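Turn this into a model:
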Amino acid sequence: MPVSFEVTPIPSSNTQAQTREQVITPPSQPMSLRKSPHRFLKWLVLLAAGMVLLVIGMIWWGNGSFSDQGVKLTIQGPEQINSGDEALYKLDYKNTTNTDLTNLRFRIFFPEDSTIIAEDGSTSNPESDGFEIDSLKAGDDGTKEFKMFVVGDKGSVRTMKVNMIFNAGSLRSSFEKEAVATTVITDVPVQISLSAPPTVVSGQSIQYTIDVRNTSNADISDLKLVITYPDGFVATTVKPKPDSGTTWEINSLARGASMRVTISGSLSGQEQETKTITAVLRRPLNDTLIDFVKSDATTVIGSPLLSLSIIPDEGRDYTSFAGDTLRYTVSFGNTSKTTITGLSLSVKLEGDAYDTAKINLSGGSLNDSTKTISFTASDIPSLVALSPRQTGTIRFAIPLKTSAGSGSVRAIARLSTQTVPQGFDGAEVSVVDAVVTKIGSQPTISQSALYDGGLGSGQLPLKVGQETTLTIRWEVTNPGNNIAGTTVSAVLPSGATWNDASYAGQWSLSYENASRRVVWQVGTISFGTGIGTARLEASFKVIVTPSISQVGQFVPLVGTATLSGTDSYTNASISTSTSAITTGSIVGHSAEGRVVE
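From the prediction side, this is the model:
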């Protein structure tokens with residue numbers, strides 16, 4: 001049977017594409033909506049990213065809008081002050097930002113050893129204090145003042161510090177500010193010198209010396225000296241005795257005057273334990289006592305293995321003078337039952353009064369920069385190995401400068417080894433001893449003969465049988481400590497006659513006919529007299545009538561003048577003198593002092 005079929009033309013490539021597209025997308029769907037799902041998803045992603053960036057920007061902008069540089073915190077106080085004086089510190093805080101501050105917490109750290117004065121006048125001794133403020137609005141500020149007595153050694157620095165913590169606006173983080181004010185102690189009206197041995201063996205006898213001296217330009221009254229003993233100290237002798245407990249009443253301390261307290265006893269403790277003794281001067285204020293001056297000294301409980309001492313030939317309590325030579329003996333020993341090896345011995349010289357250029361050593365060497373004498377085994381062979389109970393000594397001498405004023409010098413001896421015997425703890429075995437030698441006052445007395453300016457009359461040159469009247473002037477200087485009970489005296493030689501018209505200013509000057517002795521009752525000579533100030537002077541007149549046997553000679557006028565008294569600081573007796581003078585010492589007329597016919 002015949003086959004029926006229909007021939008269909010083959011479409012072009014464009015036509016095929018159209019046909020496929022028509023199959024996928026119905027012709028009835030609009031072209032504007034065909035791509036909408038993809039575009040919608042795209043915009044949704046962009047919107048989410050924008051929100052994230054907005055949040056981050058807000059956070060960033062919120063943090064960046066506040067800077068703590070705009071929060072000001074300052075504290076002002078005196079740059080310099082005398083120990084014991086009242087000081088005023090002013091705290092200022094200010095908010096110069098555009099953000100309110102909240103929860104402000106202030107912490108104040110007071111200068112060391114200061115006494116705080118409250119608004120009602122009461123006093124206390126806290127190390128720190130604080131206060132809080134709920135808020136400090138933008139542009140607001142505040143002030144707070146603190147009054148206190150500041151004490152310390154001369155040259156010490158006292159620090160007042162304030163710390164402030166706060167929040168800003170809605171920020172969760174806290175901010176912190178700090179301000180500091182420093183004050184230098186430039187002078188100490190009353191000095192406390194507290195002497196304690198640097199080391200002792202537990203149970204060993206010990207002596208403390210406390211010297212109080214008024215270095216101001218005025219008398220000071222109503223002071224109390226309070227001593228605090230270290231733990232383990234038992235006092236056996238106290239001179240002078242305290243008025244109560246460990247307190248001494250100082251009703252009055254004159255300018256330049258001083259007092260000394262000596263305390264002896266025993267000190268016990270563990271090896272290498274530090275023991276501190278404290279001396280405080282207090283003065284009354286509003287029915288309470290405040291600290292005026294404070295000093296302390298420490299002693300370390302040393303090893304019982306070694307013994308050591310350093311002593312001047314004249315003794316531990318010797319008072320020296322400018323130009324003296326101090327001769328020291330250093331004694332050491334092994335107090336243990338084992339040989340101690342590898343020892344070294346040194347002596348440190350403290351004090352500007354030592355004339356180190358003239359030191360006399362029998363061994364050892366001096367380090368000029370540290371002022372330390374070092375002794376080795378070549379100087380002391382026993383330092384190589386010191387047997388049980390073995391001892392040794394070394395001596396040296398050193399002069400004091402002739403220009404040395406009053407004060408003191410200190411020699412510190414140290415014996416040590418890092419070869420620690422078995423059975424003993426620690427990296428070193430050592431022992432230390434020190435001695436303080438006071439330098440007493442060195443007053444001077446001079447005498448001169450005057451003629452000019454109406455101070456003399458009669459013949460010059462001196463003539464046989466004719467009277468010549470001259471004025472004798474005594475002058476006293478005192479660069480050192482106060483000298484109490486001072487007198488100046490001299491004897492008139494035969495041929496010199498006392499003139500009743502003599503004058504000694506405000507001082508009591510007298511003449512004893514029987515002994516031919518002229519006496520000047522000076523009393524107390526203040527420290528520094530004649531050093532930048534006027535010397536003390538007294539004058540009197542003598543009459544001489546030369547004899548024929550004195551032709552061509554000088555006539556004696558006054559014998560040796562001697563000054564005597566007591567050093568108020570060291571309690572040492574003072575005596576100094578000047579040479580006798582003749583008519584050859586007439587100021588401006590020495591050539592006319594010889595007798596002519």
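
Name the nearest residue to residue 68, ignoring sequence neighbours.
residue 175 (4.6 Å; C-beta to C-beta, 6 or more residues apart in numbering). In this view, the C-beta of every residue, glycine as well, is placed from N, C-alpha and C.

How about the contacts made by that neighbour?
By C-beta atoms under 8 Å, 6 or more residues apart in numbering, the contact list for residue 175 reads 68, 71, 165, 166, 167, 168.

Out of the residues you listed, which one has the lowest pLDDT?
Among the contacts of residue 175, residue 68 has the lowest pLDDT, at 88.

Would you confirm that that residue contacts residue 165?
No. If you go by C-beta atoms under 8 Å, residue 68 and residue 165 don't touch, sitting 11.1 Å apart.

What subset of the contacts of residue 175 is buried?
Among the contacts of residue 175, those classed as buried by 16 or more other C-beta atoms under 10 Å are 71, 166, 167, 168.

just checking, the third one touches residue 176?
The reference is to residue 167. No. If you go by C-beta under 8 Å, residue 167 and residue 176 don't touch, sitting 10.9 Å apart.

What's the per-residue pLDDT of the residue nearest to residue 547 when sequence neighbours are not counted here?
In space, residue 547 comes closest to residue 464 once its chain neighbours are excluded; the distance is 6.6 Å by C-beta to C-beta, 6+ apart. The model reports residue 464 with a pLDDT of 93.

Residue 464: what's it in contact with?
By C-beta under 8 Å, 6+ apart, residue 464 lies in contact with 546, 547, 548, 550, 551, 595, 596, 597.

Quick check: it vs residue 551, distance?
Distance, residue 464 to residue 551, using C-beta to C-beta, to the nearest Å: 6 Å.

what residues do those two have in common as contacts?
In contact with both residue 464 and residue 551: 595, 596, 597, using C-beta under 8 Å, 6+ apart.

all helices in the protein, in order from the N-terminus.
Here the chain has its helices, by DSSP state H, at 13-24, 36-64.

rank those by pLDDT, which is bottom?
Averaging pLDDT over each of the helices of the chain puts helix 13-24 lowest, since it has a mean of 42.

and residue 191, bridged to which residues?
Assessed by DSSP bridges, residue 191 has beta-bridge partners residue 213.

any idea where the strands of the stretch 101-250 of the chain begin and end?
For the stretch 101-250 of the chain, the strands defined by DSSP state E, counting those that start in this stretch cover 101-109, 115-117, 123-124, 128-136, 141-149, 157-168, 174-187, 190-195, 199-200, 204-214, 220-228, 233-239, 247-253.

Pull the number of nearby residues for residue 395.
Neighbour count of residue 395, defined by other C-beta atoms under 10 Å: 14.

I'd assumed residue 328 was in contact with it.
Yes. Residue 395 is within contact range of residue 328, at 6.7 Å (criterion: C-beta under 8 Å).

before we move on, back to that, ranking by neighbours, what's the top pick from the contacts of residue 464?
Compared across the contacts of residue 464, residue 546 has the highest neighbour count, 25 neighbours, by other C-beta under 10 Å.

Looking at strand pairing, list the partners for the nearest residue to residue 233 once chain neighbours are set aside.
Nearest residue to residue 233, sequence neighbours excluded (C-beta to C-beta, 6+ apart): residue 267, at 5.0 Å. Beta-bridge pairing for residue 267 (DSSP bridges): residue 204, residue 233.

Residue 267: what's it in contact with?
Residue 267 sits next to 200, 202, 203, 204, 206, 230, 232, 233, 234, 275, 299, 301 when contact means C-beta under 8 Å, 6+ apart.

how does it look with 6 Å?
200, 206, 232, 233, 275 (C-beta atoms under 6 Å, 6 or more residues apart in numbering).

Would you mind writing the ChimeraX command to select the buried ones in the residues you listed?
Listed next is the ChimeraX selection for buried residues among the contacts of residue 267, using 16+ other C-beta under 10 Å:
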select :200,206,233,275
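
List just the nearest of the contacts of residue 267 to residue 193.
residue 206 (17.0 Å; C-beta to C-beta).

Thought residue 431 was touching residue 306, still the case?
Yes. Counting by C-beta atoms under 6 Å, residue 306 touches residue 431, with 4.3 Å between them.

so what sits against both of those two?
Common neighbours of residue 306 and residue 431 are listed as residue 415 (criterion: C-beta under 6 Å, 6+ apart).

Poorly predicted segments of the stretch 351-500 of the chain, please.
The stretch 351-500 of the chain contains residues with pLDDT under 70 at 405-406, 425-426.

How about the stretch 151-300 of the chain?
Scanning the stretch 151-300 of the chain for pLDDT under 70 picks out the ranges 286-287.

Just the buried positions in stretch 176-196, please.
Neighbour-count burial for stretch 176-196, counted by 16+ other C-beta under 10 Å, picks out 177, 179, 181, 183, 185, 188-196.

nope, stretch 464-479 is what I was after
Residues of stretch 464-479 classed as buried by neighbour count (16+ other C-beta under 10 Å): 468, 469, 470, 471, 472, 473, 474, 475, 476, 477, 478, 479.

Using JSON lines, please lay out these together with distance to residue 491.
Listed next are those as JSON lines, based on distance: C-beta to C-beta, whole Å:
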{"residue": "468", "distance to residue 491": "20"}
{"residue": "469", "distance to residue 491": "19"}
{"residue": "470", "distance to residue 491": "17"}
{"residue": "471", "distance to residue 491": "18"}
{"residue": "472", "distance to residue 491": "12"}
{"residue": "473", "distance to residue 491": "17"}
{"residue": "474", "distance to residue 491": "14"}
{"residue": "475", "distance to residue 491": "19"}
{"residue": "476", "distance to residue 491": "18"}
{"residue": "477", "distance to residue 491": "23"}
{"residue": "478", "distance to residue 491": "24"}
{"residue": "479", "distance to residue 491": "28"}
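
Those residues in strands, which ones?
Assignment to strands by DSSP state E places the following of the buried residues of stretch 464-479 there: 468, 469, 470, 471, 472, 473, 474, 475, 476, 477.

closest to residue 105 among the contacts of residue 175?
Within the contacts of residue 175, proximity to residue 105 (C-beta to C-beta) peaks at residue 165, which comes in at 4.8 Å.
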